[in-house]
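[1] build me a model:
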Amino acid sequence: MGHSALGTDLETASRNQRPLSDIDARQTSDRPTASEPPSPGRTGPVPTPPPIAGPDRRPLVAIPAGVTAFLAAFFVRDAIHPHLPPGFPFLTFFPAVILSTYFCGAMAGLVCATRSGLAAWYFFVPTAFVMERAVVTALALYTVVVGIDILLIHLMQRAMAELVRAEATARALLDQRGHLASELERETACRRIHERLAEHSLLLDLALKAADAGTWHYSVASGRALLSAEMARQHGLGEAEIEVDLRRDWQPLVHPEDAVRTLADLEDAIAARGTFVSDFRIPLPTGETRWLSCIGRAEIGPAGEAEWVVGLTLDVTARKLAERRSEHLARHDPLTGLANRMQFQERFLQEIARVKRGGTSFALLCLDLDRFKAVNDTLGHAAGDTLLRIVADRLRSAVRTEDTVARLGGDEFVVIQTGATSRDDAAVLGGRIAEAVAAPLAIEGHTVEIGVSIGIALVPCDGADPDAVYRIADRALYRAKADGRSLRRQAT
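    Numbers count the residues shown, from 1 in each chain. Model prediction:
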């Protein structure tokens, strides 16, 4: 019932309202057209469109309007009350609520609805039926329906107001396009002045492709360089663009070895009128090192000589660290951190070559853990990995810094003992290793005891061929395991 009245009243109000084009014409009558140039005074912010709600929606007007609508409905109801059948105490108040809401806003509708409901209940419901359940239910239903109608009308009008406001804002923005175009032209002219030194270089191309790149301009005549804000930050010189003397200000910031090489590369590029490429390190106060990569090109002046070198600098610290990690993993065992088979072979061949050139002898010790498989099978592979890491630490502590300890795989290790002049020297080291490994271990709450069998070969006493020496030490290892394990055997 309430929604039918709402539809009828909306159609009536729509016919009575002026078309949107009339509103647009009124709002734009005092503004210049799009074809007119913007006036000098119109350089401020975009004007805010006037509010859509008129004076009839203000509380001082809406409340009296709601009361007036109620009184009109009340007198009409009182006049036709004798001619209406019983059971419709609220029917005639709906049009007043809907119309007051539509024309004067939600506040007027609420005022009218509240007074109408109370009046219908008090004046037009017989006294004997005032507290009857049917009457209370009808009053509650009236409240719900009227509330929904007022909310829907309010939301609809609010949406319409936002649409009109958005259109007015768009028109106001369009009015500023002439001003914005002139501002853009002036800003573009200023930008071209600042970038004239880089217009004919690779700088713009490289800067567009590089992320977080610092740019620089080096004057060959003055020896000074203009660093961008990003490059200043990379060097720890603040967050703003700065001009520095290359040898006085820049060189002390760079690692000494890299500074000399980078300056030499720059001089070569200037002399060759070509491209400059160099990587260098910046030691940071935190103790870390930042790696930077410079790419630049010499700019030739009218006399045919290089006048400027322009380029950019990239922070390649992450790439350098990744390369170092890759190199470390390629030459070290990932579980224990010891040298792997590849690094062992390099060191082994280097020592063989040194002996052949007349250097001192060295010993090769092949190690194999005893009872490791039992620990692996009983406590699991995780416990086995823990045991291998502990053994690796004990091997490091048993040898000297100049010696090499490597894990070949599983529970097999090798040690290169440099400067071993006799078999006794190798035997002493073997004893230290066996004693260190045999000490009890605590793994996951279990006490574990293992041993190590060792095979020893001495170079050049047992030969100088790499494969032959390794086979000799390996055979000595297997003799030690066959003789009862946890033993040391020399090559025979």
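[2] can you give me the offset of stretch 365-380 from its chain's centre?
    Here stretch 365-380 shows a centroid-to-chain-centroid distance of 46 Å under the convention CA atoms, centre = their mean, to the nearest Å.
[3] so D368, which of the three states?
    strand (DSSP: H, G, I helix; E, B strand; the rest coil).
[4] helix, strand, or coil at the nearest residue to it once chain neighbours are set aside?
    Distances taken as CB to CB, 6 or more residues apart in numbering put S453 closest to D368, at 5.1 Å, once the chain neighbours are dropped. C-beta coordinates here come from the backbone N, C-alpha and C atoms, glycine included. Put simply, S453 is strand when judged by three-state DSSP.
[5] which strand residues bridge D315?
    Bridge pairing for D315 (DSSP bridges) gives the partners L292.
[6] what is the burial count for it?
    21 (other CB atoms under 10 Å).
[7] average model confidence for the longest helix seen in the chain?
    Using DSSP state H to define each element, the chain has its longest helix at helix 133-175. Across helix 133-175, the average pLDDT comes to 76.
[8] please apply the same query to stretch 368-387.
    91.
[9] quick one: buried residues of that stretch?
    Neighbour-count burial for stretch 368-387 flags 368-370, 372, 375-376, 379, 383-384, 386-387 (criterion: 16 or more other CB atoms under 10 Å).
[10] repeat that for stretch 457-474.
    For stretch 457-474, the neighbour count (16+ other CB under 10 Å) marks 457-459, 461-463, 466, 469-470, 472-474 as buried.
[11] residues contacting that stretch, please?
    For stretch 457-474, contacts defined as CB atoms under 8 Å, 6 or more residues apart in numbering pick out 348-349, 351-352, 355-356, 361-366, 414, 420, 422-423, 426, 455-456, 476, 490-491.
[12] let's see which of these end up in strands.
    362-366, 414, 455-456, 490 (DSSP state E).
[13] now, which of the residues you listed sits nearest M342?
    Distances from M342 to the ones in strands among the contacts of stretch 457-474, taken as CB to CB, are shortest for V414 (12.6 Å).
[14] the closest one and A457, how far apart?
    Plainly put, V414 is 11 Å away from A457 if you go by CB to CB, to the nearest Å.
[15] which residue ranges of the stretch 151-300 of the chain form helices?
    177-194, 203-209, 229-234, 256-272 (DSSP state H, counting those that start in this stretch).
[16] packing partners of the shortest one?
    Same thing as helix 229-234. strand 214-219, strand 306-315 (3 or more CB pairs under 8 Å, 6 or more residues apart in numbering; DSSP states H and E).
[17] just checking, I450 touches V437?
    Yes. Judged on CB atoms under 8 Å, I450 makes contact with V437 at a distance of 6.6 Å.
[18] which residues are in contact with each of these two?
    Going by CB under 8 Å, 6+ apart, residues that sit against I450 and also against V437 are 369, 391.
[19] confidence score at A318?
    So A318 comes in at 87 (pLDDT).
[20] who touches it in this structure?
    So A318 contacts nothing (CB under 8 Å, 6+ apart).
[21] state the three-state secondary structure for it.
    Under three-state DSSP, A318 comes out as helix.
[22] and it, how far from S422?
    The gap separating A318 from S422 is 50 Å, by CB to CB.
[23] one more: R432?
    The spacing between R432 and S422, counted by CB to CB, is 16 Å.
[24] comparing those two, which residue is more hemmed in?
    More neighbours surround R432 than the other of R432 and S422, with 15 against 12 (other CB under 10 Å).
[25] pretty sure the more buried one contacts S397?
    No. Distance between R432 and S397: 9.1 Å, which falls outside the contact criterion (CB under 8 Å).
[26] can I get the helices of the stretch 151-300 of the chain in JSON lines including mean neighbour count and distance to A96?
    Formatted as JSON lines, these follow (neighbours: other CB atoms under 10 Å; distance: least, CB to CB, whole Å):
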{"stretch": "helix 177-194", "mean neighbour count": "11", "distance to A96": "48"}
{"stretch": "helix 203-209", "mean neighbour count": "14", "distance to A96": "68"}
{"stretch": "helix 229-234", "mean neighbour count": "19", "distance to A96": "68"}
{"stretch": "helix 256-272", "mean neighbour count": "15", "distance to A96": "88"}
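[27] so which of those comes closest to V310?
    Per CB to CB, nearest to V310 of those: helix 203-209, 5.2 Å.
[28] show me the contact partners of stretch 283-301.
    With contact meaning CB under 8 Å, 6+ apart, stretch 283-301 is reached by 197, 200-202, 206, 216, 218, 234, 236, 255, 262, 266, 269-270, 272-282, 306-317, 319-320.
[29] buried subset of these as a ChimeraX selection?
    Per 16+ other CB under 10 Å, the buried members of those correspond to this ChimeraX selection:
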select :201,206,216,218,234,262,266,269,270,276,278,279,280,281,282,306,307,308,309,310,311,312,313,314,315,317,320
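[30] below-threshold pLDDT in the stretch 1-150 of the chain: ranges please.
    Within the stretch 1-150 of the chain, the segments meeting pLDDT under 70 span 1-63, 65-66, 69-70, 73, 77-92, 94, 109, 115-136, 138-139, 141-142.
[31] still on that earlier bit, among the helices of the stretch 151-300 of the chain, which gets the worst mean confidence?
    Comparing mean pLDDT over the helices of the stretch 151-300 of the chain, the weakest stretch is helix 203-209, at a mean of 52.
[32] hang on, the earlier thing: could you export the ones in strands among the contacts of stretch 457-474 as a markdown table, including neighbour count?
    Shown next, in a markdown table, are the ones in strands among the contacts of stretch 457-474 (neighbours: other CB atoms under 10 Å):
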| residue | neighbour count |
| --- | --- |
| F362 | 26 |
| A363 | 29 |
| L364 | 28 |
| L365 | 27 |
| C366 | 25 |
| V414 | 24 |
| G455 | 27 |
| I456 | 26 |
| Q490 | 22 |
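[33] just curious, which of those is nearest to A172?
    Of all the ones in strands among the contacts of stretch 457-474, A172 sits closest to V414, with 82.4 Å by CB to CB.
[34] low pLDDT regions in the stretch 351-492 of the chain?
    In the predicted model, the stretch 351-492 of the chain carries pLDDT under 70 at residues 485-492.
[35] all helices for it, in order.
    For the stretch 351-492 of the chain, the helices defined by DSSP H, counting those that start in this stretch cover 372-379, 381-398, 423-438, 466-482.
[36] all set, thanks.
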